[in-house]
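Novice: Sequence first, then the predicted structure:
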Amino acid sequence: MKTPTGPGETAPRRGSGRAVDVGILTAVSLLLLAATVVGRWAWTPSPAPGDPVSCAAYGLEGVSVAPRGVGHPLDAGPALSGGPRWAEGPSDRLDVAFEHDGTTSSYHVFADGIDWSEPVGVVFRLHGDGAYEYHHPEHKVSCLAEVARSHNAVLVAPRTPDRQGEPTWWEDLDGNADWFVALAEQRIFAEYDIDRSRTWLHGYSGGAEFISYEMLADRADFLAGGGALLSGGGGAPSGGDSRPTDEQLEQLVLHWDVGLDDDGTDPWAPFDALSAATAGHAWYEDAGWARTSVRYREGVDHFELPEARVLDAALTAGETSGEITAESALDSGPEPAAELSSGPSAAPFREPATRRRD
């Protein structure tokens with residue numbers, strides 16, 4: 001089984017002292033990155049109940065949404081949201097505890113506004129290191145939940161069960177994946193009327209690494225349809241146990257999204273997400289996944305990805321059976337109709353760091 005040293009690194013060979021050094025350096029980088037995320041976002045005040053949240057920072061200019069989770073204690077068990085209800089059916093639930101095989105963590109479900117008389121999809125949102133967005137769903141997660149709702153999909157945001165140091169998805173791949181898959185099977189697919197052909201994994205930074213190292217590499221059967229969206233990361237695994245079907249290889253959408261300035265040289269973001277995304281996309285493309293794509297964004301760093309707009313484009317692409325083209329993306333925003341296609345900025349400005357593919 002793979003044991004990656006951290007986001008963007010392939011699994012080290014056992015007995016390699018150099019791999020240990022790389023792991024230590026990577027861990028330090030990620031701790032700094034997690035602290036930076038908190039530092040850059042902690043100053044943002046929580047909106048008052050009823051005050052709209054702007055989604056411009058996440059790529060949706062001119063779009064504001066009702067904040068999810070405002071006014072509810074996120075450490076006191078499940079709570080029903082006070083948000084709008086457009087249709088009968090399940091409501092938002094926050095900080096719901098789930099235990100599997102002695103491991104306990106929690107999750108949010110954003111289900112307000114879903115039309116349960118129509119097929120319903122699901123987006124599993126996997127946070128980056130530090131879990132800031134899990135504890136503050138009134139910001140980015142509210143915008144992602146609204147994008148999911150616009151495609152009649154529930155957004156599920158679990159918190160990694162990791163309790164050692166900074167909470168991450170990628171440090172204990174097997175243990176975290178066992179808990180996550182059990183959550184999906186026993187709580188989401190069992191309790192909600194979900195069309196499993198519309199299942200999406202959406203990870204940011206360390207969450208993207210968890211998808212590429214573990215969920216796609218070893219557990220691709222989790223995705224009966226839909227696909228995976230990897231933002232600011234998603235490196236190349238050293239191998240994998242997955243045996244995807246021909247249908248999965250032909251139909252699942254795998255998209256990487258990364259900024260050209262997200263190369264680890266910024267002291268505020270020491271993780272080289274650019275190299276990770278480049279290597280991860282190449283690995284899965286070489287492995288025969290037909291609907292892979294990568295978007296390199298000029299002038300964008302680790303904190304500026306238009307994740308809500310890209311999620312909308314990915315869900316749109318997943319609803320079509322053809323190739324990912326400009327027509328499958330949104331027309332709005334500073335980069336119209338180019339979210340998932342190879343546009344002028346779709347090539348790195350430098351060669352990525354060498355990655356082992358064994």
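Specialist: Thanks, I have it.
Novice: Kindly tell me how buried Gln186 is, as a neighbour count.
Specialist: Gln186 has 12 neighbouring residues, counting by other CB atoms under 10 Å. Yep, even glycine has a C-beta here, placed from its N, CA and C like the rest.
Novice: any idea how far it is from Glu304?
Specialist: Per CB to CB, to the nearest Å, Gln186 is found 37 Å from Glu304.
Novice: So what's the residue count around Glu191?
Specialist: 10.
Novice: tell me the pLDDT at it?
Specialist: With respect to pLDDT, Glu191 scores 93.
Novice: Check Arg309 too.
Specialist: At Arg309, pLDDT is 97.
Novice: pLDDT weak spots in the chain?
Specialist: Filtered on pLDDT under 70, the chain yields the residue ranges 1-50, 70-89, 321-358.
Novice: show me where it has helices.
Specialist: 17-41, 132-135, 140-150, 173-183, 189-191, 206-210, 216-218, 246-251, 273-286, 307-318 (DSSP state H).
Novice: Compute the inter-axis angle for the last one and helix 140-150.
Specialist: Interaxial angle, helix 307-318 versus helix 140-150 (axes from the mean of the first three to the mean of the last three CA atoms, to 10 degrees): 20 degrees.
Novice: which helices and strands does helix 307-318 pack with?
Specialist: Judged by 3 or more CB pairs under 8 Å, 6 or more residues apart in numbering; DSSP states H and E, helix 307-318 is in contact with strand 121-126, helix 140-150, strand 199-204, strand 226-231, strand 253-259.
Novice: For the last one, which outside residues touch it?
Specialist: Counting by CB atoms under 8 Å, 6 or more residues apart in numbering, the neighbours of strand 253-259 from elsewhere in the structure are 208, 216, 226-234, 273-274, 276-278, 280-281, 284, 289, 291-297, 299-302, 304-305, 307, 310, 314, 317-318, 324, 340.
Novice: Could you rerun that using 7 Å?
Specialist: 227-232, 234, 273-274, 277, 280-281, 284, 289, 291-297, 300-302, 304-305, 310, 314, 317-318, 324, 340 (CB atoms under 7 Å, 6 or more residues apart in numbering).
Novice: buried sites along it?
Specialist: Using 16 or more other CB atoms under 10 Å as the test for burial, strand 253-259 gives 253-259.
Novice: Show me the strands paired with that strand, marking each as parallel or antiparallel.
Specialist: strand 226-231 (parallel), strand 291-297 (parallel) (DSSP bridges).
Novice: Next, format those as a markdown table and append distance to Asp51 and mean neighbour count.
Specialist: Below are the strands paired with strand 253-259 laid out as a markdown table (distance: least, CB to CB, whole Å; neighbours: other CB atoms under 10 Å):
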| stretch | distance to Asp51 | mean neighbour count |
| --- | --- | --- |
| strand 226-231 | 26 | 28 |
| strand 291-297 | 30 | 23 |
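Novice: could you dump those to TSV with distance to Ile114?
Specialist: As requested, the strands paired with strand 253-259 are exported to TSV (distance: least, CB to CB, whole Å):
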stretch	distance to Ile114
strand 226-231	16
strand 291-297	26
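Novice: With respect to Val156, which of the ones you listed lies nearest?
Specialist: strand 226-231 (13.0 Å; CB to CB).
Novice: what residues does the closest one touch?
Specialist: 121, 197-204, 208, 211-212, 216, 252-257, 277, 280, 305, 307, 310-311, 314, 318.
Novice: Now the buried members of those residues.
Specialist: Looking at those with 16+ other CB under 10 Å, the buried ones turn out to be 121, 198-204, 208, 211-212, 216, 252-257, 277, 280, 305, 307, 310-311, 314, 318.
Novice: What's the separation between Gly234 and Gly207?
Specialist: 9 Å.
Novice: swap in Asp129?
Specialist: Asp129 is 9 Å from Gly207, by CB to CB.
Novice: Next: Glu99.
Specialist: Counting by CB to CB - Glu99 and Gly207 are separated by 21 Å.
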